[in-house]
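**Student:** quick one, structure for this:
(one chain, ligands or ions: 3)
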Amino acid sequence: MSSAISVEQQIKLWAQELGFLTCGFANAGKLDAEEGNLNQWLTQGFHGNMQYMENHRAMRLDPTLLVPGSKSVISLAFNYFPEISQYSEQENTAQNPASNDQNDPSPDGFQPCITNHLSENKPLIAKYAWGDDYHRVIKDKLFVLMESIKTIHPGFEGRAFVDSAPVMERQWAVKAGLGWIGKNSLLLRKGVGSFFFLAEIIGNIELSPDQPQTDHCGECTACIDACPTQAIVKPQVIDSNKCISYLTIEDKTWPANSEKGSFENKDSVDPQKPNTGQWAYGCDVCQDVCPWNRFSTPHNESMFTPREMVGWSHREWEEAVREPARIKPQLKNSPMQRAGLKKLVDQIQLALNAQPPATQS
Ligand code: B12
Ligand code: SF4
Ligand code: SF4
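**Tutor:** Numbering: from 1, shown residues only. Ligands and ions are numbered 1, 2, ... in the order given. Below is the predicted model of the structure:
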């Protein structure tokens, strides 16, 4: 390490070299301010049947219980915004920002890419899931970063996390100065948007904390207004039971109710559950409409190269539903395995049956 730069600067440099969008530091300790809100969210049942969200509550609020002896949280963001769009044949740059001024994210005149839906309804897959499983891809980079830290701090010990542990990742990202939590509850970063994963290294060295950024949502409510199922019940609060992402990824009782036997057609779907429309896996609506996402630029991570199925036509999807063996190879090393093939096939069928939303001009 060059003595001209600090340990913090050196870690940020290594993170950048590994392809992370940004990296920041926070002192490890209890997230006192979050305790009441987390308890309230769980008491209201907003976690649906994600039982794991009820577990390890003390650890979730305090990383020093998860990683004993830890002093700092190194928070990192990794871009997954793809070059192509499922909504149109054009590239994602077709979002045609009304303004490129990073200080003026005014939604006025902004053409979110969601309005470019094809008239042909094909099943939509959330962008984060188009490539190889991010858990593995990003964790490997975190391990490399930890090894680098050891070269300047031989006594360094830490653990790496990506969406895999009781860690309040967005709250730590805020503390580490990566961005602010938007009304859609996701971490947003000025000049970048929100199409990135969060990850952390929780370790035993002290690092100077970064300054939190201010909130830049302002008067905008585009995500709340656009959510197809009204799952954003108030700013920053998601009722998972209503969220398409939850239904299509996490809720193993949907769309086929295991008690009622297998899913046959859309009429057998529980009418009490929200309509997931064209979304076969995950949902990007509250990000697609966010004016800050006009600043998204494509990632250059080869492991996130989209699976062929992302570009399939309506007919190809119909064939795949009739013959799920065609889908199976597409799921190799994919985060979409989380849903399981059967649930996924049911959701693709539902999406094929869905009415495409009226194209806005
Ligand atoms: C559970 C979970 C979900 C659930 C619940 C969503 C949620 N917002 O919590 C479901 C399945 C719905 C989900 C969906 C998605 N997720 Co998710 N998810 C998680 C996970 C595992 C835990 C989040 C968590 O702790 N939730 C618990 C609640 C309590 O936390 P919270 O939302 O921040 O709640 C706060 C507010 O509700 C507030 N609050 C409560 N009551 C009140 C009252 C008032 C008045 C106020 C002001 C506030 C308030 O306080 C709470 C605590 O601070 C994280 C990974 C991690 N370990 O952090 C990924 C994570 C948040 N998900 C992620 C992604 C990418 C998604 C999707 C975009 C995927 C997709 N395209 O389909 C969607 C987006 C949906 C959305 N708008 O949130 C990324 C987000 C990256 C980013 N840029 O922010 C994460 C960080 C994973 C990762 N490592 O990258 N997810
Ligand atoms: S992911 Fe979709 S359903 Fe969930 S809050 Fe966002 S827009 Fe609503
Ligand atoms: S759409 Fe608007 S309110 Fe929602 S997160 Fe983006 S800037 Fe904030």
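
**Student:** mind listing the strands in the stretch 201-350 of the chain by residue range?
**Tutor:** Secondary structure of the stretch 201-350 of the chain, counting by DSSP state E, counting those that start in this stretch: strands at 232-234, 237-238, 279-281.

**Student:** now do the contacts for the residue of the chain found nearest ligand 3.
**Tutor:** Of all residues in the chain, residue 182 sits closest to ligand 3, at 2.7 Å by CB to the nearest ligand atom. The C-beta positions use only the backbone N, C-alpha and C, and glycine is treated the same way. Contact analysis of residue 182 by CB atoms under 8 Å, 6 or more residues apart in numbering lists 188, 194, 217, 223, 236, 290, 292.

**Student:** if you set the cut-off to 7 Å instead, what comes out?
**Tutor:** By CB atoms under 7 Å, 6 or more residues apart in numbering, the contact set of residue 182 is 188, 194, 217, 223, 290.

**Student:** pull the number of nearby residues for the residue of the stretch 251-361 of the chain found nearest ligand 1.
**Tutor:** Residue of the stretch 251-361 of the chain nearest ligand 1, by CB to the nearest ligand atom: residue 282 (3.0 Å). Using other CB atoms under 10 Å, residue 282 has 22 other residues around it.

**Student:** then residue 233?
**Tutor:** 14.

**Student:** quick check: it touching residue 243?
**Tutor:** No. With contact defined as CB atoms under 7 Å, residue 233 does not count as touching residue 243 (10.1 Å).

**Student:** you'd agree residue 67 is up against residue 160?
**Tutor:** No. Counting by CB under 7 Å, residue 67 sits too far from residue 160 to count as a contact (10.2 Å).

**Student:** separation between residue 277 and residue 349?
**Tutor:** According to CB to CB, to the nearest Å, residue 277 stands 13 Å off from residue 349.

**Student:** what about residue 218, how many residues close to it?
**Tutor:** Residue 218: 11 neighbours (other CB under 10 Å).

**Student:** same question for the one 5 residues further on.
**Tutor:** The number of residues packed near residue 223 is 23, by other CB under 10 Å.

**Student:** and the pLDDT at it?
**Tutor:** Listed pLDDT for residue 223 reads 98.

**Student:** what does the stretch 251-361 of the chain put close to ligand 3?
**Tutor:** 289-292 (CB under 6 Å from any ligand atom).

**Student:** in those, find the pair that's most separated.
**Tutor:** Within these, 289 and 292 form the most distant pair, 10.4 Å apart (CB to CB).

**Student:** comparing these two, which shows the higher neighbour count?
**Tutor:** residue 292 (25 against 22).

**Student:** from what I can see that one touches residue 191, true?
**Tutor:** No. Counting by CB under 7 Å, residue 292 does not reach residue 191; the two are 8.3 Å apart.

**Student:** could you say what helices and strands the helix or strand where residue 144 lies packs with?
**Tutor:** Applying DSSP states H and E as the criterion places residue 144 in helix 134-152. For helix 134-152, the contact count by 3 or more CB pairs under 7 Å, 6 or more residues apart in numbering; DSSP states H and E identifies helix 7-17, strand 158-161, strand 196-203 as packing neighbours.

**Student:** does that helix reach ligand 1?
**Tutor:** No. For a cut-off given as CB under 6 Å from any ligand atom, helix 134-152 has no contacts with ligand 1; the smallest distance is 7.5 Å.

**Student:** got any ranges where the stretch 201-350 of the chain has weak pLDDT?
**Tutor:** In the predicted model of the stretch 201-350 of the chain, residues 257-268 satisfy pLDDT under 70.

**Student:** close to ligand 1: what parts of it are there?
**Tutor:** 234, 236-238, 240, 243, 245-246, 249-250, 282-284, 286.

**Student:** thank you kindly, that will do.
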